[in-house]
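Visitor: Kindly return the folded structure for what I paste below:
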Amino acid sequence: MRIALFQPDIAGNVGTMLRLAACMGVGVDLIEPMGFPWSDRALARAGMDYAAAASVTRHVDWEAFVATARGRLVLATTSGAVPYTQAAYAADDVLLFGSESAGVPADVHARADLRVRVPMRSGMRSLNVAVSCAMILGEALRQTDAWP
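Guide: Now for the predicted structure:
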């Protein structure tokens, strides 16, 4: 199981997701460009002290990520057809999350093998990406009996 972040905008959200990944023992793929500099100073400022404990792979762009991705791509999307609790997850799934400001473009959406959504009240636009990641990763780890 891995988490992939498509062109993330907000360093604090990435920091939260790196901490989650480190604590749960899953790898993280960062698909550039990112909306903030990736440096030791920037990581410390964003509270990403768990970055060293996470297994992080950076990809220069979407094509570089796809060339190395293994397993099924499971996209978290507000327009996903399947509630995340009704999806069946596999141990080698890559859980893909879009940028906070734009999500993912149509070609990335089309490339996903499975699209999931977090159900929420009518009129609400979306959850924070790190919150959605924690919910979906938790369900995927539960289903695959992969809790650390």
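
Visitor: What's the local residue count around the residue lying closest to residue 78 once chain neighbours are set aside?
Guide: Closest residue to residue 78 apart from its sequence neighbours, by Cβ to Cβ, 6 or more residues apart in numbering: residue 126 at 5.3 Å. (C-beta placed from N, C-alpha, C; glycine too.) When neighbours are defined as other Cβ atoms under 10 Å, residue 126 has 15 of them.

Visitor: in what helix or strand does residue 126 lie?
Guide: Secondary structure assignment for residue 126, by DSSP states H and E: no helix or strand.

Visitor: distance between the ends of stretch 119-129?
Guide: 14 Å (Cα to Cα, to the nearest Å).

Visitor: same check, this time on stretch 77-84
Guide: Start-to-end, stretch 77-84 (Cα to Cα) is 10 Å.

Visitor: Could you tell me which residues within that stretch count as buried?
Guide: Neighbour-count burial for stretch 77-84 flags 77, 80, 84 (criterion: 16 or more other Cβ atoms under 10 Å).

Visitor: where's the second one relative to residue 2, distance?
Guide: Counting by Cβ to Cβ, to the nearest Å, the separation of residue 80 from residue 2 is 19 Å.

Visitor: For the buried residues of stretch 77-84, give me JSON lines that also has secondary structure and distance to residue 52.
Guide: Listed next are the buried residues of stretch 77-84 as JSON lines, based on DSSP: H, G, I helix; E, B strand; the rest coil; distance: Cβ to Cβ, whole Å:
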{"residue": "77", "secondary structure": "coil", "distance to residue 52": "31"}
{"residue": "80", "secondary structure": "coil", "distance to residue 52": "33"}
{"residue": "84", "secondary structure": "coil", "distance to residue 52": "29"}
